[in-house]
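K.L.:
Dropping a prediction and its sequence here:
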Amino acid sequence: MSYLPCVEVEPATPATAAVIWLHGLGADGHDFEAIVPELHLPQDAGVRFIFPHAPSMPVTINNGYVMPAWYDILDIAFDRKVDEAQLLQSAAAVHALIDREIERGIDSQRIVIAGFSQGGAVGYQAALSYPKPLAGLLAMSTYFATHASIKVHSANRNLPIQIYHGTQDPVVPEQLGRQAVSQLAVHQLSAHYSTYPMQHSVCLEQIRDIAAWLKKTLLA
């Protein structure tokens, strides 16, 4: 079985939980690696962080320039037109990483999927369609690209979902984040939504909130 290449940050004690964190367009698995120590999780938390690298591919909205991407974006208009087949392929690759964590002894209900921007769109698809219950979904500055086609698995109908978005985001307008809440509701799913006065990024207050959410989700 071949897996996406990943940056892995091991805990100080044997891993009993995992966070699979997907980066945005043009970045790589190192993009959020530095956040791990800023979360200040307890030394004995046992949380393994996995940061996959997206494959490189031509991206239409960037004049076909080859860069790390989870899928091609065909149109940057408000309701983004994406290559859904590629997005589904990326979600399947995330499923393989979840399966690997289970094989390594992590219970599925101790696995969080997190994603920023393009990675968050893959996160929605991967987490909600996975056939075993997960711990939670963290969606940051992103949108629910497959809301019209996704088949939500019954195992994750009660999945805790936390959405974060910047109110000044010029790349993924905040309206898309709010729209995701409504789109989740169509599938009888609920989410907690938080905003910050920032652009397409993360901020210190958000990192603190992520830490609190992870502690509640994995350590409570």
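P.N.:
Looks like it came in fine.
K.L.:
got any ranges where the chain has weak pLDDT?
P.N.:
Within the chain, the stretches with pLDDT under 70 are 78.
K.L.:
residue nearest the centroid of it?
P.N.:
When C-alpha atoms, centre = their mean is applied to the chain, the residue found nearest the centroid is G115 (2.0 Å).
K.L.:
So that one: helix, strand or coil?
P.N.:
Following DSSP: H, G, I helix; E, B strand; the rest coil, G115 is assigned to strand.
K.L.:
Quick one: residues contacting it.
P.N.:
Taking C-beta atoms under 8 Å, 6 or more residues apart in numbering, we find G115 in contact with 21-22, 121-124, 138-140, 142. From N, CA and C alone the C-beta is placed, and that goes for glycine too.
K.L.:
Apply 10 Å and report the result again.
P.N.:
20-24, 32, 70, 94, 121-127, 137-142 (C-beta atoms under 10 Å, 6 or more residues apart in numbering).
K.L.:
Going by residue numbers, what spans are strands in the protein?
P.N.:
In chain order, the chain shows strands spanning 6-9, 17-22, 47-52, 56-59, 65-68, 73-75, 81-82, 111-116, 136-140, 161-166, 192-196, with DSSP state E as the criterion.
K.L.:
Turn these into CSV, including distance to V181.
P.N.:
Shown next, in CSV, are the strands of the chain (distance: least, C-beta to C-beta, whole Å):
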stretch, distance to V181
strand 6-9, 30
strand 17-22, 20
strand 47-52, 26
strand 56-59, 27
strand 65-68, 28
strand 73-75, 22
strand 81-82, 20
strand 111-116, 16
strand 136-140, 10
strand 161-166, 7
strand 192-196, 5
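K.L.:
Quick one: closest of the ones you listed to E101.
P.N.:
Judged by C-beta to C-beta, the one of the strands of the chain that comes nearest to E101 is strand 17-22, at 4.6 Å.
K.L.:
Give the buried residues for the closest one.
P.N.:
Neighbour-count burial for strand 17-22, counted by 16 or more other C-beta atoms under 10 Å, picks out 17-22.
K.L.:
quick one, helices of this structure?
P.N.:
Under the criterion DSSP state H, helices of the chain are mapped to 35-38, 84-103, 118-129, 174-186, 204-214.
K.L.:
So for A45, which of the ones you listed sits nearest?
P.N.:
Across those, A45 has its closest neighbour in helix 204-214 (8.5 Å, C-beta to C-beta).
K.L.:
Just name whatever secondary elements that closest one is in contact with.
P.N.:
Identification of packing neighbours for helix 204-214 by 3 or more C-beta pairs under 10 Å, 6 or more residues apart in numbering; DSSP states H and E yields strand 17-22, helix 35-38, strand 111-116, strand 136-140, strand 161-166, strand 192-196.
K.L.:
partners of the fifth one, with directions?
P.N.:
To tie it back to what came earlier, the one meant is strand 161-166. For strand 161-166, the pairing partners within the sheet under DSSP bridges are strand 136-140 (parallel), strand 192-196 (parallel).
K.L.:
Please verify my assumption that G24 contacts P68.
P.N.:
Yes. Counting by C-beta atoms under 10 Å, G24 sits close enough to P68 to count as a contact (9.1 Å).
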